[in-house]
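I need the structure of the sequence given here:
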Amino acid sequence: MVTRVTLVEKESRLGGQFALAWQAPGKEKIKDGLKSIERSLRSSGASIVTGRAVDLSDVREFRPDLLVWATGAVQNVPDIPGLNDQYSLTSVEYFTGQKEIKGPRVLVIGAGRTGLEIAEKLGRDGYEVVATKRTDPIGSMMEMITRNLALKRIGEMQNVILMPHTTVKAFLEKSVDIEQDGVRMSLEPFQTVILASGMIPAPGPDKEIRKLVSCTEIIGDAREVQDIFSAMREGYELATKY
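Modelled structure (predicted):
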């Protein structure tokens, strides 16, 4: 039976990407759910440490019997020639406001759920937006009604262009080389490139950390990228296990 719990979060706030989701159009109510979960956590008696990334010295200090590694996911960065020369930011950096958006033209690479939400939000803000999707339908992973409503709203914006079945091949000095349905073409340069090209599990824990703990559980996006409902269920099931 678990008798003492310490939650360590590297950011200054709790919630990870869940704490950012409410900024997407139509998701404002998510913030209420997050606040409710945080209130329950703070009343549970668990110790909470923020602004601290766990490393080997921390594990030595805490000496846990069980280490639950729930560090989430990080941005998948596509290997595109010339990308490093562009002013770019990840989808997480966009929603956290870590970097400003330079306009007027913005390219969103990856028009899945997150990319579609970013494209709509930027469109509302008056930017000229092109969002590309290499595989799967536009807005994949979105609930069907939510997706259709988002596509309807975007369809009414003359400053937002969605390009399915489109691969960004290279960033050149005065153009962007793309391929859509096997046809090569060029786009005018963009002042900002936003990477919404999917997420991958965050690395860790390393072997040295594992050696110090008798039992380690990796859950949520840190194990396999999934939706918030699956991640919360996984956390609940792990808690009941111990």
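
Just the CA trace of stretch 97-105, in CSV.
Presented in CSV, the C-alpha positions along stretch 97-105 are these (Å, rounded to 0.1, in the frame of the first residue of the first chain):
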residue,chain,number,x,y,z
GLY,A,97,3.4,31.6,-25.9
GLN,A,98,7.1,30.9,-25.6
LYS,A,99,7.8,32.4,-29.0
GLU,A,100,5.9,35.1,-30.9
ILE,A,101,4.2,34.6,-34.3
LYS,A,102,5.7,36.5,-37.1
GLY,A,103,3.5,37.3,-40.1
PRO,A,104,1.7,37.7,-42.2
ARG,A,105,2.2,34.1,-43.6
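
Give the bridge partners for the closest residue to Val54 other than its chain neighbours, please.
Excluding the flanking residues, the one nearest Val54 by C-beta to C-beta, 6 or more residues apart in numbering is Val8, at 5.2 Å. The way it works is simple: take the backbone N, C-alpha and C, and place the C-beta from them, glycine included. On the basis of DSSP bridges, Val8 is bridged to Val49.

Now for Val8: which residues touch it?
By C-beta atoms under 8 Å, 6 or more residues apart in numbering, the contact set of Val8 is Val49, Arg52, Val54, Asp58.

For the residues you listed, which single residue is the most surrounded?
Most neighbours among these, by other C-beta atoms under 10 Å: Val54, with 19 neighbours.

mind checking pLDDT for that one?
For Val54, the pLDDT comes out at 92.

do Phe95 as well
At Phe95, pLDDT is 91.

Going forward, count from 43.
Taking 43 as the first residue, the last one we looked at is Phe137.

ok, it to Pro231 distance?
24 Å (C-beta to C-beta, to the nearest Å).

How is the protein divided into domains?
Following automatic domain parsing, one finds the domains of the chain at 48-116+242-283, 119-239.

Looking at Phe137 and Pro231, which has the bigger crowd around it?
Between Phe137 and Pro231, counting by other C-beta under 10 Å, Phe137 is the more crowded of the two (20 against 15).

Lowest average pLDDT across the domains of the chain?
Minimum mean pLDDT among those: domain 48-116+242-283, a mean of 90.

Give me whichever of the domains of the chain is most buried.
Most buried of those by mean neighbour count (mean count of other C-beta atoms under 10 Å) is domain 119-239; its value is a mean of 17.
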